[in-house]
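Chemist: Take this sequence and fold it.
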Amino acid sequence: MDSRRIARYARGGLAGVALVWTGVGYAALPPVLAQAVARGAHIFNDDHFGSEVRSVADAASAFADMGSPRAHARFMTCAACHVHGGRTRGQLPDGRHIPSLRNAAAVFPRYSAKSHRIVTLEDQIRHCVKDGIKGRPPAFGGTTMVDLVSYLKSLATGRRMAIGGAFQ
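Modeler: This is a model prediction of the structure:
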């Protein structure tokens, strides 16, 4: 896939920016992996996974605005809460802040005291899509899941592995 098509997959060249920001250039990745990262960035920003929940411009007023004529026209995506491609602290619709995803791939798997089990990165992605976006979660091992994991791992490039550690 040439660079024009990769940029088309990633809104505004997001995947390329993610790779550059993390210190990895396209030349350093095999083309197939660079394509998976670009598709993952596209999915992260644009796929609503069949959800009919609308995102809103002001996440703090999301619950009040859901379904109102003022609600933003776009459907919920990963990027609705995880802003700037997940590289900075995000915000849930109820106004609570969430950590960036820069090291998400470096801290999974992790133990969840709430569910009393080990949670993998794939489990967390499925949880966010099902309970956050209210969409159909991607299948384990499916192309969508592989592309999303590839994108999140590209954000963690150069980060210290801290399985079970804290998000930063």
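Chemist: for Asp123, phi and psi?
Modeler: When quoted as degrees, to the nearest 10, the phi and psi of Asp123 stand at phi -60, psi -40.
Chemist: For it, the count of nearby residues, please.
Modeler: Neighbours of Asp123 under the rule other Cβ atoms under 10 Å: 18. Heads up, the C-betas are built off the backbone N, CA and C, glycines and all.
Chemist: how close does it sit to Gly158?
Modeler: According to Cβ to Cβ, to the nearest Å, Asp123 stands 24 Å off from Gly158.
Chemist: And for Gly142?
Modeler: Distance of Gly142 to Gly158, computed by Cβ to Cβ: 27 Å.
Chemist: Equivalent analysis for Ala36, please.
Modeler: Here the criterion is Cβ to Cβ. By it, Ala36 lies 19 Å from Gly158.
Chemist: Tell me which of these two has more neighbours.
Modeler: Between Ala36 and Gly158, counted using other Cβ under 10 Å, Ala36 has the larger neighbour count: 22 against 11.
Chemist: I'd guessed the more buried one sits against Leu148; true?
Modeler: No - between Ala36 and Leu148 there is no contact under Cβ atoms under 8 Å: 9.3 Å.
Chemist: in the longest helix seen in the chain, what counts as buried?
Modeler: As assigned by DSSP state H, the longest helix anywhere in the chain is helix 31-46. Within helix 31-46, the residues that count as buried by 16 or more other Cβ atoms under 10 Å are 34-45.
Chemist: do stretch 93-106 as well
Modeler: Neighbour counts over stretch 93-106 (16+ other Cβ under 10 Å) mark 93, 98-106 as buried.
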